[in-house]
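# From the sequence below, what's the structure:
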Amino acid sequence: MFSQSMFRFVLGVDNESELLLESLSWFMFLMGGCAFLVMRFVNMPYGRFASRKFGFPVNVKVAWFIQEFPSLAVPVYLVFFSTDIRPLQLSNQLLLGMFICHYIHRSLMFPFLIRGGKATPFIPFACAFIFCIYNGYLQARYLSKYAVYPSDWITDPRFLTGFTLWLFGLSVNLHSDHILRKLRKPGETGYKIPQGGMFEYVSCANFLGEIMEWFGFAIACWSLQSASFAGFGFLILSSRAAQHHRLAALLLMRRHRQRTPLRTCKRRGTVFDAERWLHPRLDWPHCVTAVKRPVSGQSGNKIFQRTSECR
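Numbering: from 1, shown residues only. Okay, the predicted model is just below:
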């Protein structure tokens, strides 16, 4: 009892239910940090990086539908069927609508638009399913029962800024997903680098769009619960983006190896080998010492042999 009273005092909450939401929010920050550290050493086993070491494969469309659906079903249940919620103000309705809108697309539309795609290993599928239940409850419970906003919140600069950022991120996410679906014609296989839209500026525009969405949502909600979700999403999606960026760098290097000189390491003056990006622990500028060898039949061009001297 004393420990619970201390937690309520420190967190500034008045009851155990609200204390639970605050604790879940801080725990989400912790989970995101731990996952970020793990993903510095282990690639997220999704898509091209899927592996049977992480469980038996689940059909990609089925996996996406099932794992994302709780983030839609839990808020809908709490809003329409729970008996202990307060009457929702317009601001609460709009914020819940922003959350639900994303997951209507992510669970009911996106899975059935996927073209091909590798099966999802069971362990990341199960983790995503559990997280969506966790986060769906956290966001919807807070907004439907505990969040109290001023009557003019929808004209507050924080709400307007957050909503604008959320809407822009959503449009970037949807457009980027469309570009990715159009990369390969029916029957084509292999990895291709997307072009167009925000892909002209970043390697993973779809992840960037979703990060902007949830940061906009967090600003509009102005709460610990939404901030924890935005922070968690940033740590996970930025790690996945770095993973895809390393793959894109490798593909470009292999494609242009014969005609494009490799970069020089600014730290030690040695030659940077993009193949090293495949390993998540070894990022720029931790390059490898290189030995120049001429390419047969192409005067003036060089290829580079890796050694293990530069770590």
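# need the helices for this structure, in chain order.
Taking DSSP state H as the test, the helices found in the chain are 2-11, 16-38, 60-68, 70-80, 90-104, 110-113, 122-141, 157-181, 205-221, 224-256.
# how about the ones you listed in CSV, adding distance to Q195, mean neighbour count and mean pLDDT?
(Each C-beta comes from the backbone N, C-alpha and C, glycine too.) Converted to CSV, these look like this (distance: least, Cβ to Cβ, whole Å; neighbours: other Cβ atoms under 10 Å; pLDDT from 0 to 100):
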stretch, distance to Q195, mean neighbour count, mean pLDDT
helix 2-11, 47, 11, 44
helix 16-38, 29, 15, 92
helix 60-68, 24, 20, 94
helix 70-80, 31, 19, 95
helix 90-104, 25, 19, 96
helix 110-113, 20, 15, 92
helix 122-141, 28, 19, 95
helix 157-181, 8, 17, 95
helix 205-221, 10, 23, 96
helix 224-256, 11, 19, 83
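# Tell me which of those helices lies nearest to V148.
helix 90-104 (8.7 Å; Cβ to Cβ).
# who does that closest one touch, helix- and strand-wise?
For helix 90-104, the elements it packs on are helix 70-80, helix 122-141, helix 157-181, helix 205-221, judged by 3 or more Cβ pairs under 8 Å, 6 or more residues apart in numbering; DSSP states H and E.
# quick one on the thing from earlier: right, and the helices of the chain - which one's nearest R52?
Closest to R52 of the helices of the chain is helix 122-141 (Cβ to Cβ; 9.6 Å).
# Identify all contacting residues around the closest one.
21, 24-25, 28, 44-46, 54-58, 63, 66-75, 78-79, 96, 99, 103, 225-226, 228-229, 232 (Cβ atoms under 8 Å, 6 or more residues apart in numbering).
# re the thing from before, now the helices and strands packed on helix 90-104 in a markdown table, with distance to M39?
A markdown table is the format used below for the helices and strands packed on helix 90-104 (distance: least, Cβ to Cβ, whole Å):
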| stretch | distance to M39 |
| --- | --- |
| helix 70-80 | 21 |
| helix 122-141 | 11 |
| helix 157-181 | 21 |
| helix 205-221 | 13 |
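# re the thing from before, in CSV: the helices of the chain, plus distance to M198.
Listed next are the helices of the chain as CSV, based on distance: least, Cβ to Cβ, whole Å:
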stretch, distance to M198
helix 2-11, 38
helix 16-38, 23
helix 60-68, 22
helix 70-80, 24
helix 90-104, 18
helix 110-113, 18
helix 122-141, 24
helix 157-181, 5
helix 205-221, 4
helix 224-256, 12
